[in-house]
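Asker: This is the structure alone, sequence omitted:
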């Protein structure tokens, strides 16, 4: 990496840090509200760039993934409990 590239990256990083600090100091809303607003604006921007249908499809896929993860988690919990069951000798099933 050239010295000028490293310097440019360092200045960019410093600018990001300063901008973040100023934004935190002058933010008009609480952190939770600010995050919610940013997420809403981000979704609106995505809808404009890639289309509302694609954003909705991505949200559906995300939710299905969350549901699948919950099913897997529940199945693992059941398997753990079953493994820990003690059965008397000679008892099948």
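Answerer: Nice, I can see it. Values in this document were obtained by computation on a predicted structure and should not be read as measured data. Numbers count the residues shown, from 1 in each chain.

Asker: helix or strand for the residue nearest the centre of the chain, which one?
Answerer: Centroid-nearest residue in the chain, with Cα atoms, centre = their mean: residue 62, separated by 10.2 Å. For residue 62, the element it lies in under DSSP states H and E is helix 52-84.

Asker: buried residues in that helix?
Answerer: Using 16 or more other Cβ atoms under 10 Å as the test for burial, helix 52-84 gives residue 55. Bear in mind the C-beta positions are built from the backbone N, C-alpha and C, glycine included.

Asker: That one packs against which elements?
Answerer: If you count contacts as 3 or more Cβ pairs under 8 Å, 6 or more residues apart in numbering; DSSP states H and E, helix 52-84 packs onto helix 31-50.

Asker: tell me the mean pLDDT over the helix it packs on?
Answerer: Here helix 31-50 scores 84 as its mean pLDDT.

Asker: okay, the angle between it and helix 52-84?
Answerer: 120 degrees (axes from the mean of the first three to the mean of the last three Cα atoms, to 10 degrees).
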